[in-house]
Every structure is written in C-alpha cells, then in structure tokens.
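**Student:** My questions concern the predicted model and sequence given below.
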Amino acid sequence: MKQMKNILLKIFVLAIFVFAMNYIYEKWFYEKGLQEYSDIINLVRKVQNNSDIIYIAESSNYSTRANDTDKRAISEFISEYYPNKRLGTIHKGALHAGNYKILLEQIPEDSDVETIIVTLNMRSFDAAWIYSNLETALQKSMVLLKPYPALFNRFLLSFKGYDVKTDKEREVQFKRKWEKDKLIIPQGLEYKNVIEWDKTMAREGIKNIDGTINYKTTALACHYIKTYAFQIDINNNPRIKDFDAIVKLAEKRNWNLVFNLMAENLEKAEELVGDNLVYLINENRKLLIERYTNMGVLVVDNVDNISDNQFTDQHWTTEHYAENGRKIIARNVADSLKGIYPTEYFKVKDTLQMASCEFFHDCENKSAWKQMNTITKEQAYSGEKSSKTGQGDNYSITFEWPIVFIPDSMLKTIEINLKILQKEINHDVMLVIDASGYKIENFLHEVPVSELSDGNNTWENINYKYNLPEEIKKGSLLKVYIYNPTKSIVYIDDLKIKFYPN
C-alpha cells in the first residue's frame, strides 16, 4: 500500500510538473514558436474578430494574369455583392481541406463569424496532391495549431511527429496509387490504370499536321491524365475525411457552410485527352455535389463555367483564372449566398469584359489575338503589317473569344470584314467560323474565299454575314480565321468581327 501511495504521489508530482511546464511554455514561449513555425495563424487572427463571412482557399483565390485590368481576388469580388457583410479571407498556396479544418478550428467560438466559404478543389483529391512534395512543409506548419496541449505540440514538432517524407518517397506513394487504383467507366476503357494510360499517351503522342509528335502538347496531355484520371473513394480518400470533418465543425459552431467547387479546364481536357477523361471529372463532380448537398452544405458548382482562355496556366493544370474567370466564379457564389442573405444582396454592375460586340485587328497593335506569328511586313493594306498564310502557315491571325462573353441577344448574326491580297483565285482557301467546347460537337462553318473575292493580285474587301445556329450557345470558344493549306501566299489585314441581333 505504501509503495502504491509513493507511485501515485510521483504521478501527481509529475502531472503538476508537466502542467506547470506547459503553462510556462504557453505563457512565455508559445507565441514565438507560432510566429517561427506556424505564422499562417496570423491570417486567421486578422479576420476572426471582424468578419461575418470567411472565405478560405488556396492560390485559386488570388492568382491573376499579367494583363488583368482588375486584379482583385475572388473573395473581394464576392464582397461587392454583400457590402453590409464583412468578408474576411484566409488563403495560401497549396492549402487543402486538411489544413482548412485546423485553421478554422482556431476561430474563437464567440466570434461574429456566420458563414464559411471553403474552396472545394477537385485536384486535391488526386494522389499527386495528396502525396505532394509540399506536404511535409504544410504538415510542419500545422503542428503547433493542433488541438493538443501547447507543450505536447512543441515536442511533436521537435521530434518530427508529423508526416515527414522525402520527395522520392512521396513520388513512390503517388505512383503506387496510380498503379493500384483501377479505372472503371461504363463505355469501357482500354487502360486499367493511370500508369498505362499515361504511358500510352506518351508513346503514341499528339500529332502535328505532318504526322510528327508534338512533344510539348503530349506532355501536357499526360499531365491531364495524371491529374484527373481518378475516381474518388469515399471510404479511403483523406480529402473526403477532411471535408466531412469541416462539415461537423460547421455544425458544432452553427456556421452556414458553403463549398465552392472550382472550375476545371474541361475544354482542354476534352481537346487533349477526350471524352473518357471528361467523364471521370464529371463523375467526381457529381459525387462531391451529391454527398455534401445531402449533408446540408450549399455547394456552388463552377466546374464547367470557365472557358479555356480564362485559365492563366496553359501548360499546366491549375485553378488559376484571369479576371473574367474570377468574376464569374464570384458572381456564382454571390448568387448562391442569396439563400442565406436574401435581404443583404446588392446587384453589382456586370463588369465582365463582354460589353463590346465589335472586334478589330489591323495587324499593327499588340492586341493578343492568336497566330500572331503570321504577322509580316512583306505586305500591308494599312500601316506596315499584315498576316501571311500559306506554305506551312495554314492559319491567319485568329479572332478567338469566349462565347459566354457575348450576350445571347447579340449571338444571332456575325458579320466579318477583312482585306485580302492573293495573286490568283484559290478554291482551297477558306474563311472559317469555328466553335468548340466539350458540350458541343465541333462546329465548323467554311466558306471558300473564291466565292467572296476575285483573286486579282490587289487588296480586296471581303464582307460576309452568317446567321449563327442556336447550338453555338453550347460552345465555349468562337474563332474566326482564314485557312490556307496551299503553297500559294495569301495576306490578310484589317480583320473586323461584329455580332448583332437578326
């Protein structure tokens, strides 16, 4: 009995000692540790006591394109619609739901926060992100914020009590996952996993016009496969567990919860890889929407709302959007919030770059149309330059514009004016109106230039009007250009495009 009392006394003294040490550490040393290892806490502290709504995200919120006129973040655009609600932002590159949960737990329970908007990034469910080489640093930055005694968290940090792996070990993890997980779709898939699909694409490649492999485009297609060719396992995917935990936290705190399902470049996925990859993306989209809607979350579906030209990274897969893309996502989120704040909504003037339905390029200015590589000083109708086609340069300077930015009322008739110089009539040269997108069969309207001009070796004016079919509204991108697959040189200048009602 005496021995037992001694043991209990020692345990009691040890407990008092540990408690005192934890108190001392928390009182005088914890803040210094936070600022050194977990300074992301400052983003939470900045908004926790002066926000009604908090938007938490990775880099999709704040990334911009160099030529954006308005470089505000998605969350800042959202706040315009609710001027009487204080909207705070927590964002940092590469964050995911596991980090979001830890950060949201830091918000005091007595704060004024009413609503949490959480970025739901589909890519974060993929093995390459789950086992990213950034994960060790992210895990380290979160250790001191975990819901354990401060001193215990410090010991975890000191003795690397978190997920520490080398880049090589991370690579082994995601490649093993790519090989292990079987891909199953109703229409059948000739590749049983990501590894096989990726290897086949790399071997067969995407071809240039002359039949050679375009290695840059092929590499991008492979990356799309490795990024999006997965099917979410709700029982084992750690991101599902993370988002589920956020739902429970919101319920506990009595927060309104919104998941902002971010836009993916379906147009590029369709173009590079095809229907099977788009199918997998849409199946994961459907799963996420159904799961979290059934759990009482307001899910804003932006997956297919942004056209290819609004993605700032054209050689990688990211959710980084140009100005119009960010504004569209913000508008969709704001519209959805009307269910929570019906009397607080303020209709914002639509500032999307879509007011103009007339476009012009004289081959002189630096306006970023496509095929600018065809600009030459050899001939010109006005100024010093024109667009040269033929002899391998099949496509003239090309008008390219997102269809969503053209009002439906104006998307009835297109009028095309341009100047053309050709030595002879060439029946193979075409004026082309091209619409594309994963929701539409590729639309191609071609008119032989020989029907519109005389080919008399002088500059001529071409004027062509065309009534656009209704199906054009299903497309994502509209293009207008001259197609010249011949060896005969044709010059184009002063290309003007106008849309108007019938």
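**Tutor:** Nice, I can see it.
**Student:** remind me which residues of the chain are low pLDDT?
**Tutor:** Regions of the chain meeting the criterion pLDDT under 70 cover residues 1-2, 5, 8-10, 12-15, 17-18, 351-356, 366-368.
**Student:** what residue is smack in the middle of it?
**Tutor:** The centroid of the chain falls nearest to Glu319 when counting by CA atoms, centre = their mean (2.1 Å).
**Student:** Contacts only, for it.
**Tutor:** Contacts for Glu319 (CB atoms under 8 Å, 6 or more residues apart in numbering) come out as Glu58, Ser59, Ser60, Asn121, Arg123, Met262, Ala263, Glu264. All C-beta atoms are positioned from the backbone trio N, CA, C, and that covers glycine.
**Student:** Three-state assignment for it, please.
**Tutor:** Of the three states, Glu319 takes coil according to DSSP: H, G, I helix; E, B strand; the rest coil.
**Student:** Against Leu277, how distant is it?
**Tutor:** 17 Å (CB to CB, to the nearest Å).
**Student:** Repeat that for Ile74.
**Tutor:** When Ile74 is compared with Leu277 (using CB to CB), they lie 26 Å apart.
**Student:** Max pairwise distance over the contacts of Glu319: which two?
**Tutor:** With CB to CB as the measure, no two of the contacts of Glu319 lie farther apart than Ser59 and Glu264, at 14.9 Å.
**Student:** Now the residue nearest to the centre of the chain. Nearest residue, chain neighbours left out?
**Tutor:** Here the nearest residue to Glu319 in space, its sequence neighbours aside, is Ser60; by CB to CB, 6 or more residues apart in numbering that works out to 3.9 Å.
**Student:** neighbours around the one you found, how many?
**Tutor:** Counted with other CB atoms under 10 Å, the burial measure for Ser60 works out to 23 neighbours.
**Student:** That one belongs to a helix?
**Tutor:** No. Counting by three-state DSSP, one finds Ser60 to be coil, located in no helix.
**Student:** tell me the helices in the stretch 1-150 of the chain, going along the chain?
**Tutor:** Counting by DSSP state H, counting those that start in this stretch, the segments of the stretch 1-150 of the chain that form helices are 2-28, 30-37, 41-48, 74-81, 97-105, 127-130, 135-142, 150-158.
**Student:** Those into a markdown table, with extra columns for mean neighbour count and distance to Ile116?
**Tutor:** Below are the helices of the stretch 1-150 of the chain laid out as a markdown table (neighbours: other CB atoms under 10 Å; distance: least, CB to CB, whole Å):
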| stretch | mean neighbour count | distance to Ile116 |
| --- | --- | --- |
| helix 2-28 | 11 | 27 |
| helix 30-37 | 14 | 22 |
| helix 41-48 | 16 | 11 |
| helix 74-81 | 22 | 12 |
| helix 97-105 | 21 | 7 |
| helix 127-130 | 20 | 22 |
| helix 135-142 | 18 | 18 |
| helix 150-158 | 17 | 24 |
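**Student:** Could I get those helices in TSV, plus columns for distance to Tyr395?
**Tutor:** Output for these, formatted as TSV (distance: least, CB to CB, whole Å):
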stretch	distance to Tyr395
helix 2-28	66
helix 30-37	54
helix 41-48	46
helix 74-81	34
helix 97-105	43
helix 127-130	34
helix 135-142	43
helix 150-158	57
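**Student:** Can you check which of the ones you listed gets nearest to Met372?
**Tutor:** With respect to Met372, and counting by CB to CB, the nearest of the helices of the stretch 1-150 of the chain is helix 74-81 at 29.9 Å.
**Student:** hmm, back to that, which among the contacts of Glu319 end up buried?
**Tutor:** Among the contacts of Glu319, those classed as buried by neighbour count (16 or more other CB atoms under 10 Å) are Glu58, Ser59, Ser60, Asn121, Arg123, Met262, Ala263, Glu264.
**Student:** Give me the nearest residue to Asn256, chain neighbours excluded.
**Tutor:** On the basis of CB to CB, 6+ apart, the spatially nearest residue to Asn256 that is not a chain neighbour turns out to be Thr115, at 4.0 Å.
**Student:** pretty sure Asp408 is touching Lys473, no?
**Tutor:** Yes. Under the contact definition of CB atoms under 8 Å, Asp408 touches Lys473, with a separation of 6.5 Å.
**Student:** Between the two, which has more neighbouring residues?
**Tutor:** In terms of neighbours (other CB under 10 Å), Lys473 is the more surrounded of Asp408 and Lys473; the figures are 15 against 11.
**Student:** List the contacts of that one.
**Tutor:** For Lys473, the residues meeting the contact criterion (CB under 8 Å, 6+ apart) are Ile403, Asp408, Leu411.
**Student:** Next: Tyr81.
**Tutor:** The contact partners of Tyr81, by CB under 8 Å, 6+ apart, come to Ala330, Arg331, Ala334, Leu337, Tyr345, Phe346, Lys347, Val348.
**Student:** Include neighbour count when you put these into CSV, please.
**Tutor:** Formatted as CSV, the contacts of Tyr81 follow (neighbours: other CB atoms under 10 Å):
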residue, neighbour count
Ala330, 25
Arg331, 20
Ala334, 21
Leu337, 23
Tyr345, 18
Phe346, 11
Lys347, 7
Val348, 16
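**Student:** Next, count neighbours for Asp110.
**Tutor:** 7.
**Student:** now do Lys160
**Tutor:** Lys160: 12 surrounding residues under other CB under 10 Å.
**Student:** Thr312 now?
**Tutor:** Thr312 has 18 neighbouring residues, counting by other CB under 10 Å.
**Student:** Check the one 10 residues further on too.
**Tutor:** For Ala322, the neighbour count with other CB under 10 Å is 19.
**Student:** okay, now the closest residue to it other than its chain neighbours: neighbour count?
**Tutor:** Spatial nearest neighbour of Ala322, chain neighbours left out: Arg65 (4.1 Å); criterion: CB to CB, 6+ apart. Arg65 sits with 17 neighbouring residues when counted by other CB under 10 Å.
**Student:** tell me the phi and psi of Arg65?
**Tutor:** Backbone dihedrals for Arg65, given as degrees, to the nearest 10, come out at phi -110, psi 150.
**Student:** In this model Gln314 seems to touch it, though I could be wrong.
**Tutor:** No. Counting by CB under 8 Å, Arg65 does not reach Gln314; the two are 10.6 Å apart.
**Student:** In contact with Ile403, which residues?
**Tutor:** Ser307, Leu411, Ala435, Gly437, Ile472, Lys473, Gly475, Ser476, Leu477, Leu478.
**Student:** swap the cut-off to 7 Å and go again
**Tutor:** Residues counted as contacts of Ile403 (CB atoms under 7 Å, 6 or more residues apart in numbering) are Ala435, Ile472, Lys473, Gly475, Ser476, Leu477, Leu478.
**Student:** List only those of the residues you listed flagged as buried.
**Tutor:** Those of the contacts of Ile403 that meet the buried threshold are Ala435, Ile472, Gly475, Ser476, Leu477, Leu478, by 16+ other CB under 10 Å.
**Student:** possible to save the residues you listed as CSV with secondary structure?
**Tutor:** Compiled in CSV, these are given as follows (three-state DSSP):
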residue, secondary structure
Ala435, strand
Ile472, helix
Gly475, coil
Ser476, coil
Leu477, strand
Leu478, strand
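**Student:** Glu384: which of the residues you listed is nearest?
**Tutor:** For Glu384, the nearest member of those is Leu478. The distance, counting by CB to CB, is 28.8 Å.
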